[in-house]
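*Asks:* sequence and predicted structure are below.
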Amino acid sequence: MTAIKKILITTDGSVSGDGTRAGYGYVVRDDENDRLIGRARGGIRIGDIDQVEAVAVLQAVKYVEKKMSEGIIDRNAEIHLLSDSKRNEMIYNEGRIEPIEANLSRWREMRYITKDWNFKLSWIKAHVSEVQKSLMSADVVKKYIYNDMADSEAKKGRNIENEKEMVFSPKEGNQIQDGYIDPDPILSSIKVENSYPQKPSHSTINNSGTSHAIEETWSVRNKGKSKSTYLSQFANMRKNQQMEESKKSNTQPKTKSEARNRFTFSSPKQDDIKVENEVINKKTESAESEKNNKSTFKSKLKLARGRFNNNNDKPKFKTVEEMNAEQGYKGPVYK
């Protein structure tokens, strides 16, 4: 028998209303010949639907791996998995951070199994109506039918014994086998307030020197603060920091001992004189600058009366005397 080279998988999860029972389901089909390879339902005692959806994907991948080892599915087969959990697609395809700690080991195991596969995971809308299906092509409708089958298996899985799985295949019929065994039930029982997968915001370097994304959400990292509040506080902090740095850089030593403590000198006596001269020179420069920039009545009058003459060769400002003579001014003359 030739190994199957094109596989379609649909998965789903289901949790009871009171959160005490949960089930997962998956359907694996030969997409090339449109026939069933196997379908399964399993029972777990996890009350979080986001975790159950991840378990469904992992168990389906394990089933395909088993069929590969049996030679039923080709190891180079084109494998397409459809999940109606949008967050599954975001985490796998967009590299978003999984905020549920219990799911991290499940995603690592799933990625390890599929690392050498021709594998693709996509999102599919759940519970499409018959009217909507009537407007779709036969190939698209087929995918939604298989997704409904996985949904049915997941709901039936809530009645399966914990950590057990019932698998059906056309050749072997129904078989009960070990299902998903939770390695850390206490961790799985922890509820996360915000389970929305976040985009990686920064990286860190671990002890081995390799870079890896920090697995945390914005709210966890910033203690529940909103992004705008955090950025505002950061901007104020940075502004104050810059002001402090500016003060330090502009501070001149006021005493000899201060100058000695601030710098390393080979000759303290010479450096004391140097520091004193620098302070005096700065004060002198500042005084001269202030004097030159000070506006006087005389300077204002010159500025007000000054205008260009009509000499085409070299335009220049008329002097005060020229302006006085031109206007017949006989009062005090300001030069």
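*Replies:* Received, thanks.
*Asks:* domains in this protein, by residue range?
*Replies:* Domains of the chain are assigned by automatic domain parsing as 4-216, 297-327.
*Asks:* redo those as TSV? Include mean neighbour count, mean pLDDT and distance to Glu245.
*Replies:* (Glycine included, C-beta is placed from N, CA and C.) Listed next are these as TSV, based on neighbours: other C-beta atoms under 10 Å; pLDDT from 0 to 100; distance: least, C-beta to C-beta, whole Å:
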stretch	mean neighbour count	mean pLDDT	distance to Glu245
domain 4-216	17	89	24
domain 297-327	11	58	38
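*Asks:* quick one: Pro200 from Ile91, how far?
*Replies:* Using C-beta to C-beta, to the nearest Å, one gets 11 Å for the distance from Pro200 to Ile91.
*Asks:* mutual contacts of those two, please.
*Replies:* Counting by C-beta atoms under 8 Å, 6 or more residues apart in numbering, the shared contacts of Pro200 and Ile91 are Ile97.
*Asks:* of the domains of the chain, give the one that comes closest to Glu244.
*Replies:* Distance to Glu244, taken as C-beta to C-beta, is lowest for domain 4-216 among the domains of the chain, at 25.4 Å.
*Asks:* what about the helices in the stretch 51-200 of the chain?
*Replies:* With DSSP state H, counting those that start in this stretch, the ranges of helices along the stretch 51-200 of the chain come out as 86-94, 101-114, 130-134, 138-157, 185-188.
*Asks:* relative to Lys67, which of those is closest?
*Replies:* Nearest to Lys67, of those and by C-beta to C-beta, is helix 101-114 at 12.5 Å.
*Asks:* list the helices and strands the closest one packs on?
*Replies:* helix 49-69, helix 185-188 (3 or more C-beta pairs under 8 Å, 6 or more residues apart in numbering; DSSP states H and E).
*Asks:* which other residues reach the shortest one?
*Replies:* Read that as helix 185-188. Here helix 185-188 has contacts from 45-46, 48, 51, 101-102, 182, using C-beta under 8 Å, 6+ apart.
*Asks:* show me the two of those residues that sit farthest apart.
*Replies:* Arg45 and Glu101 (17.8 Å).
*Asks:* mind putting the helices of the stretch 51-200 of the chain in CSV, distance to Arg75 included?
*Replies:* Compiled in CSV, these are given as follows (distance: least, C-beta to C-beta, whole Å):
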stretch, distance to Arg75
helix 86-94, 20
helix 101-114, 11
helix 130-134, 34
helix 138-157, 23
helix 185-188, 32
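*Asks:* among those helices, which comes closest to Glu65?
*Replies:* helix 101-114 (5.5 Å).
*Asks:* tilt between the closest one and helix 49-69?
*Replies:* With axes from the mean of the first three to the mean of the last three C-alpha atoms, to 10 degrees applied, the angle from helix 101-114 to helix 49-69 works out at 20 degrees.
*Asks:* quick one: the closest residue to Tyr24 other than its chain neighbours from Lys199, how far?
*Replies:* Closest residue to Tyr24 apart from its sequence neighbours, by C-beta to C-beta, 6 or more residues apart in numbering: Ala56 at 3.8 Å. With distances taken as C-beta to C-beta, Ala56 is found 24 Å from Lys199.
*Asks:* first vs last residue of stretch 63-75, how far apart are they?
*Replies:* Start-to-end span of stretch 63-75 (C-alpha to C-alpha, to the nearest Å) is 13 Å.
*Asks:* contacts for that stretch next, please.
*Replies:* 1, 3-5, 7, 9, 26, 28, 37-38, 40, 77, 79, 113, 116-117, 167.
*Asks:* same check on stretch 125-137?
*Replies:* Here stretch 125-137 makes contact (C-beta under 8 Å, 6+ apart) with 12, 84, 141, 144, 147-148, 151.
*Asks:* residues contacting Val167?
*Replies:* Contact partners of Val167, counting by C-beta under 8 Å, 6+ apart, are 38-40, 63, 174-175, 177.
*Asks:* go again using 10 Å as the cut-off
*Replies:* Neighbouring residues of Val167 by C-beta atoms under 10 Å, 6 or more residues apart in numbering: 26, 28, 38-42, 59, 63, 66, 173-177, 179.
*Asks:* any idea what it is bridged to?
*Replies:* Ala40, Gln175 (DSSP bridges).
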